[in-house]
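Colleague: here's my sequence, what's the structure:
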Amino acid sequence: MSPVEPTAAVPVNAWIDDGDGVLDVLDVLALSAFVSGRQPHARTRRLANLRKDATLLPDGATVLRDAVDDEDRATLAAGDGWTLRAVRWHQSRNATVTVTAVDAELADRILAGAVDGAEETEPPADEQVPIGFWHAGQHGPRRRERRIAAPAWPEIRANYAAKTAEAIDRLMGLDAEQVGGRLLLLHGPPGTGKTTLLRALARQWRDWCQVDCVLDPERLFADPAYLMDSALGADGDDASGRRRWRLLLLEDCDELIRGEAKQATGQALARLLNLTDGLLGQGRDVLVAITTNEDLAKLHPAVVRPGRCLAQLHLGPLPFDEAAAWLESAIGTATGIGPDGATLAELYELREGGGRVLTPEADPPRIGLYL
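Modeller: Sure thing, here's the model as predicted:
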């Protein structure tokens, strides 16, 4: 009995319409040789923490197609007896490389050459935390997870004013059974360590809380389907059945929670409040952390009312004495700190030697020449 051709045994047809993007087209082209049986051996490798300069191509590759969708990129390349498809996702720094070839040894060799040195060396596992990144893509909400370096709270405690650090101590010490309000509000000027604090919190709570960062929060609360997928999703129990919370990180959401938000954002504020203290959040263990540069007095009163906030932290500059002690411990001098103290960003710049490039100051304005 003669062997059956793969195309006859498993017929495949592909349709492309205006709902498909350029990356979808490359998926079809990349698999055509495998489907037809001309290259019956396939190998796939998934990468994380991708280097910016990684080409994901072996030596001697000829690029057949190169497609960019927003900031995600797909490349189709080929060589003698093999075809390669590489897709990299910009936000998560993840990638997938698939190779089809005429024999298994060739497929293994081409894949190894494509991914060699493509990933950056990761920090030790205990210094990393998995964080999901949500965004609304062309085909609906998408979540990609990557492991990021996160400091331990004791390592960065001195970066915050003493009274603020005492409040953060209590927050870091919470567990799943001690959660009260559902909203964490971090407010203060830029450069005071709000994002660094959230990374440390993700590490401290990783045993009982999954952390997800929403890259487009303005779309999250404008689209009920997006909100249901990202905020509610499946039940949050882990593999052992223990209660597991989900923490959504929304950074720089000034327009969502400031005093005039009800008029400016319509239903977005109402959905946020419903998620943290209404029917939408009942039965789901969901926390929401919001960072803002707004002053507390400018925030919507419904956001900061008693009972809604699990934590309400003002992160400001370190007072002069504490800023001076921080810088002296780092470089042995407190030169450059003003009488009002310094933000964490300013202290890091002073520690690194002030590498900012500035233009010379303009001549002072002349006053008194005209009435």
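Colleague: only alpha carbons, please: show stretch 60-72 as PDB.
Modeller: This file holds the C-alpha atoms of stretch 60-72, laid out as PDB (Å, rounded to 0.1, in the frame of the first residue of the first chain):
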ATOM      1  CA  GLY A  60      22.500  32.500   6.800                       C
ATOM      2  CA  ALA A  61      18.800  33.200   7.200                       C
ATOM      3  CA  THR A  62      16.900  34.900   4.400                       C
ATOM      4  CA  VAL A  63      14.100  37.100   5.600                       C
ATOM      5  CA  LEU A  64      10.900  36.500   3.600                       C
ATOM      6  CA  ARG A  65       8.400  38.500   5.500                       C
ATOM      7  CA  ASP A  66       8.700  41.100   8.300                       C
ATOM      8  CA  ALA A  67       5.500  42.400  10.000                       C
ATOM      9  CA  VAL A  68       4.900  44.900  12.800                       C
ATOM     10  CA  ASP A  69       1.500  45.200  14.500                       C
ATOM     11  CA  ASP A  70       1.600  48.100  16.900                       C
ATOM     12  CA  GLU A  71       4.900  47.300  18.600                       C
ATOM     13  CA  ASP A  72       4.700  43.500  18.300                       C
END
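Colleague: pull the residues that contact it.
Modeller: For stretch 60-72, the external contacting residues (Cβ atoms under 8 Å, 6 or more residues apart in numbering) are 21-23, 25-26, 29, 57, 73-79, 84, 87-91, 114, 138. C-beta: built from backbone N, CA, C; applies to glycine.
Colleague: in the biggest helix by length in the chain, what counts as buried?
Modeller: Secondary structure of the chain per DSSP state H: the longest helix is helix 22-36. Using 16 or more other Cβ atoms under 10 Å as the test for burial, helix 22-36 gives L23, D24, V25, L26, D27, A30, L31, A33, F34, V35.
Colleague: next one: stretch 49-59
Modeller: Buried residues in stretch 49-59 (16+ other Cβ under 10 Å): N49, L50, A54, L56, L57, P58.
Colleague: swap in stretch 336-349?
Modeller: By neighbour count with 16+ other Cβ under 10 Å, stretch 336-349 contains the buried residues I337, G341, A342, T343, L344, E346, L347, Y348, E349.
Colleague: how far off centre is that stretch?
Modeller: 28 Å (Cα atoms, centre = their mean, to the nearest Å).
Colleague: start and end of that stretch, how far apart?
Modeller: One end of stretch 336-349 to the other measures 10 Å (Cα to Cα, to the nearest Å).
Colleague: beta partners of the residue minimising distance to the centre of the chain?
Modeller: Residue closest to the average C-alpha location in the chain (Cα atoms, centre = their mean): F133, at 4.5 Å. F133 has these beta-bridge partners by DSSP bridges: R144, C213.
Colleague: with D285 as the reference, measure out to it.
Modeller: 20 Å (Cβ to Cβ, to the nearest Å).
Colleague: next: V115.
Modeller: For V115, the distance to D285 - Cβ to Cβ - is 38 Å.
Colleague: what comes up buried for stretch 131-140?
Modeller: Neighbour counts over stretch 131-140 (16+ other Cβ under 10 Å) mark I131, G132, F133, W134, H135, A136 as buried.
Colleague: any weak-confidence spans in this structure?
Modeller: 1-14, 16-20, 122-125, 232-243, 254-266, 278-283, 295-302, 304, 354-371 (pLDDT under 70).
Colleague: quick one: the strands in it?
Modeller: Under the criterion DSSP state E, strands of the chain are mapped to 41-47, 62-69, 72-79, 82-89, 94-101, 128-137, 140-149, 183-187, 209-214, 245-250, 286-292, 309-314.
Colleague: would you map out the domains in this structure?
Modeller: Domain assignment for the chain by automatic domain parsing gives 15-115, 126-314, 317-371.
Colleague: gap between the closest residue to L76 other than its chain neighbours and A74?
Modeller: Excluding its sequence neighbours, the residue lying closest to L76 (Cβ to Cβ, 6 or more residues apart in numbering) is R65, at 4.0 Å. Relative to A74, R65 is positioned 8 Å away (Cβ to Cβ).
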